[in-house]
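>>> quick one, structure for this:
(one chain, ligands or ions: 1)
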Amino acid sequence: MAQAQKTDAHNVASDIKRLVKDKAFVGGQWACADNGATFDVFNPATGDKIGAVPDMGAAETEAAIAAAHDAFATWGKTAPKERANILYKWYELIVDHADALAAIMTMEQGKPLPEAKGEVLGGAESVRWFAEEARRIYGDFIPTNNQNTRIVVEKQPVGVVGAITPWNFPSAMITRKVPPALAAGCTVVLKPAEDTPFSALALAVLGEEAGIPKGVFNIVTGSFDNAPKIGGALTSDSRVRKISFTGSTAVGKILMKQSVDTVKKVSMELGGNAPVIVFDSADIDVAIKGVMAMKCRNAGQTCINANRIYVQDGIYDEFATRLSKEFAGIKVGYGDEAGTIIGPLINQKGIDKVVDLVTDALGKGAKALQGGAKLDLGDYFYAPTVLTGMNNDMRITNEEIFGPVAALYRFKTEDEVVRAANDTPFGLAAYFFSGDAAQQWRVAETLEAGMVGVNEVMISQEIAPFGGVKESGIGREGSKYGIEEFCEIKCILFGNL
Ligand code: ADP
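So this is what the prediction gives:
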């Protein structure tokens, strides 16, 4: 209640004005590109220009690395309690400014305002979690083979972290990486996505107010064309000891290759191709609600989204009809319009991909029970779509849709569907709906994915490990495991005692 009252007391318009920064943040200074260049950022709903931020490259990234490296000498040695207090203050400030942060996010990313606020508050929980975890980075004491030796294991911060984040969760992808890094004693150079730099910069304003010291958290902004230069500078610099990336598998592979020469630790949260299986025994209402939630959330632009929806023969037709009815009632519109459930897709590339994938499926025999085309609300709006009659020749089987399209495949047996579900190079999330307890364990343990939702699709929370297997990535974010990604294990052996 106290929190809610505080938020209400804020003047959102003046908060937005204060939080929208048109400069990058390097060594505690609001900084321009060396040559003064900027790039424009647009509202995906209206196509209007929101503003411009510095178009930085390798030189500015090196300056940020130098600042982070200098700051690490002190920050890495602060008491965990001190780091925890600063992170906790950051958490409080994010909660207090949730309305303004949500408005900024909706403006640059398009998602509905309540959803944006949900992301901000969920991200704040991640900051709080890692504020708490900062004081629980325990080591070990190992029983030795002889009396005059002792072995102690200590966890130390990795050092300077290079973090690169995507546009689909402009705030939450940052609050998953930066707080655990800072909690562990690392310093960070962050490159946010070119589509959504303002949410990142707003977090830095609040981080500065929370007392994060100069150079501990740096943000380098850059355009699509300059992203490889920034990534190249981060990965080639031996002072950067860790790369934490969320984005496409293609870019993740580039960054991993580039990190080889300096043997950096990497965490990669990459693409997915999540299967959803609805067995005949499922509670069909729960399954429909789950698929709806996934396809509405962020207009289906999430890496853990339902890409291939396998429905068992006995309930396939009923499921398809009922899902189509639900999809017909979804309000698509501007994110700041009351009642909007699905906003625009992020950009031209995003909408082109959805159009191409649906055209491909329809051309190969799929049927659109609902939707199946762009909407006339702006350039990037796509109708909530249900496709039936999907088969393995269609591109959707192998490619992430990243749009509000539910693609339904019919199946007969558990063996057949588990084989199909696992027949992909990806392994981020998988979901299934089943009323059979033995099947729940059997299938959950057989699906090749880092995360499995059983009769539930909301699998992403700060307390649970998030990450994939196979080409969906390496490492975990969130939970007690998330902080380990930013720690090195040091073994100290005392001999001749
Ligand atoms: P998406 O297709 O979802 O935009 P990307 O993997 O292209 O995913 O982008 C995720 C993040 O990676 C963004 O911040 C983007 O600017 C950045 N990025 C893209 N290409 C490179 C690259 N070659 N090196 C470093 N960062 C990159």
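
>>> ignoring the adjacent residues along the chain, who's closest to residue 265?
Of all residues not flanking residue 265 in the chain, residue 242 sits nearest, at 4.4 Å (C-beta to C-beta, 6 or more residues apart in numbering). All C-beta spots, glycine's among them, are computed from the backbone N, C-alpha and C.

>>> check which helices and strands whatever helix or strand that neighbour lives in sits against.
Using DSSP states H and E, residue 242 sits in strand 240-246. Contact partners of strand 240-246 among helices and strands, from 3 or more C-beta pairs under 8 Å, 6 or more residues apart in numbering; DSSP states H and E: strand 160-164, helix 172-184, helix 227-236, helix 249-259, strand 265-269.

>>> that strand near the ligand at all?
No: Strand 240-246 is not in contact with the ligand by C-beta under 6 Å from any ligand atom; minimum separation 6.9 Å.

>>> same thing with stretch 17-35?
No: for a cut-off given as C-beta under 6 Å from any ligand atom, stretch 17-35 has no contacts with the ligand; the smallest distance is 13.7 Å.

>>> pull that stretch out as CSV, backbone CA atoms only.
Coordinates of each C-alpha in stretch 17-35 appear next as CSV, following Å, rounded to 0.1, in the frame of the first residue of the first chain:
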residue,chain,number,x,y,z
LYS,A,17,10.7,14.5,-18.7
ARG,A,18,13.4,13.8,-16.1
LEU,A,19,13.9,10.1,-17.2
VAL,A,20,14.1,10.5,-20.9
LYS,A,21,17.7,11.1,-21.7
ASP,A,22,19.2,11.7,-25.1
LYS,A,23,22.7,10.9,-24.1
ALA,A,24,24.6,7.7,-23.4
PHE,A,25,26.0,7.1,-19.9
VAL,A,26,29.8,6.6,-19.6
GLY,A,27,31.9,6.9,-16.4
GLY,A,28,29.0,8.6,-14.6
GLN,A,29,28.7,11.3,-17.3
TRP,A,30,25.9,11.8,-19.9
ALA,A,31,27.9,11.5,-23.1
CYS,A,32,27.6,12.2,-26.8
ALA,A,33,29.2,10.2,-29.6
ASP,A,34,32.8,11.4,-30.3
ASN,A,35,31.7,12.7,-33.7
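
>>> which residues belonging to that stretch are considered buried?
19-28, 30-33 (16 or more other C-beta atoms under 10 Å).

>>> arrange these in TSV, one row each, with secondary structure and pLDDT as further columns.
Output for the buried residues of stretch 17-35, formatted as TSV (DSSP: H, G, I helix; E, B strand; the rest coil; pLDDT from 0 to 100):
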residue	secondary structure	pLDDT
19	helix	98
20	coil	98
21	coil	98
22	coil	98
23	coil	98
24	strand	98
25	strand	98
26	strand	98
27	coil	98
28	coil	98
30	strand	98
31	strand	98
32	coil	98
33	coil	98
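
>>> for residue 370, give its distance to the ligand.
For residue 370, the distance to the ligand (C-beta to the nearest ligand atom, to the nearest Å) stands at 26 Å.

>>> what bridges to that residue?
Residue 370 forms beta bridges with residue 386, as assigned by DSSP bridges.

>>> the chain should start at 460 in everything you say after this.
From this message on, residue numbering opens at 460, which makes the last subject residue 829.

>>> hang on, it packs against residue 845?
Yes: with contact defined as C-beta atoms under 8 Å, residue 829 and residue 845 form a contacting pair (4.4 Å).

>>> more crowded one of the two?
residue 845 (28 against 21; other C-beta atoms under 10 Å).

>>> list the contacts for the more buried one?
779, 782, 783, 786, 827, 828, 829, 830, 864, 865, 867 (C-beta atoms under 8 Å, 6 or more residues apart in numbering).

>>> same question for residue 708.
729, 730, 885, 930, 931.

>>> skipping adjacent residues, who's closest to the fourth one in space?
The spatial neighbour of residue 930 that comes closest, neighbours along the chain excluded (C-beta to C-beta, 6+ apart), is residue 884 at 4.4 Å.

>>> picking that back up, quick one: which of the helices and strands packed on strand 699-705 is nearest residue 794?
When the helices and strands packed on strand 699-705 are compared by C-beta to C-beta, helix 631-643 sits nearest residue 794, at 16.0 Å.

>>> list the residues that contact the residue in the stretch 710-859 of the chain positioned nearest to the ligand.
Going by C-beta to the nearest ligand atom, the ligand is nearest to residue 710 of the stretch 710-859 of the chain, at 3.5 Å. Residue 710 is in contact with 623, 690, 704, counting by C-beta under 8 Å, 6+ apart.

>>> check which residues of the helix ranked longest in the chain are buried.
Scanning the chain for the helix with the most residues, using DSSP state H, yields helix 572-592. Of all the residues in helix 572-592, those buried under the rule 16+ other C-beta under 10 Å are 572, 574-590, 592.

>>> now do the strand holding residue 701, average pLDDT.
Averaged over strand 699-705, pLDDT sits at 98.

>>> before we move on, the earlier item: contact partners of whichever helix or strand comes after the longest helix of the chain?
Using DSSP H and E, the next helix or strand after helix 572-592 towards the C-terminus is strand 599-601. Contacts of strand 599-601 with the rest of the structure, by C-beta under 8 Å, 6+ apart, involve 609, 610, 611, 612.

>>> so what's the closest residue to residue 824 other than its chain neighbours up against?
What sits nearest to residue 824 in space, not counting adjacent residues and going by C-beta to C-beta, 6+ apart, is residue 848, at 5.8 Å. For residue 848, the contacting residues are 824, 825, 826, 867, 869, by C-beta under 8 Å, 6+ apart.

>>> buried residues in whichever strand or helix holds residue 811, which are they?
Element membership for residue 811 (DSSP H and E) is helix 807-822. Within helix 807-822, the residues that qualify as buried are 809, 810, 812, 813, 814, 816, 817, 820, counting by 16+ other C-beta under 10 Å.

>>> test my guess that the third one contacts residue 854.
No: distance between residue 812 and residue 854: 9.7 Å, which falls outside the contact criterion (C-beta under 8 Å).

>>> verify the stated contact: residue 609 with residue 602.
No: checked against C-beta under 8 Å, the pair residue 609 and residue 602 is beyond contact range at 9.5 Å.

>>> would you map the strands across the stretch 660-809 of the chain?
If DSSP state E, counting those that start in this stretch is used as the criterion, the strands of the stretch 660-809 of the chain fall at 676-678, 699-705, 724-728, 733-737, 765-771.

>>> ok, back up a step: restricted to strands, list the contacts of strand 599-601.
Secondary structure assignment by DSSP state E places 609, 610, 611, 612 of the contacts of strand 599-601 in strands.

>>> which residues of the stretch 810-956 of the chain lie near the ligand?
Counting by C-beta under 6 Å from any ligand atom, the stretch 810-956 of the chain has no residue next to the ligand.

>>> who touches the residue in the stretch 810-956 of the chain that the ligand sits nearest to in this structure?
In the stretch 810-956 of the chain, no residue comes nearer to the ligand than residue 861, which is 7.6 Å away by C-beta to the nearest ligand atom. Applying C-beta under 8 Å, 6+ apart, we find residue 861 in contact with 759, 760, 764, 804, 809, 812, 813.

>>> please redo it, this time with the cut-off set to 7 Å
759, 760, 809, 812, 813 (C-beta atoms under 7 Å, 6 or more residues apart in numbering).

>>> swap in residue 480?
Residue 480 neighbours (C-beta under 7 Å, 6+ apart): 489, 660, 664.

>>> what's the distance between it and residue 813?
32 Å (C-beta to C-beta, to the nearest Å).

>>> looking at the ones in strands among the contacts of strand 599-601, spot the one nearest residue 499.
Out of the ones in strands among the contacts of strand 599-601, the member with the shortest distance to residue 499 (by C-beta to C-beta) is residue 612, at 50.0 Å.

>>> surely residue 565 meets residue 572?
Yes: counting by C-beta atoms under 7 Å, residue 572 is a contact partner of residue 565 at 5.1 Å.
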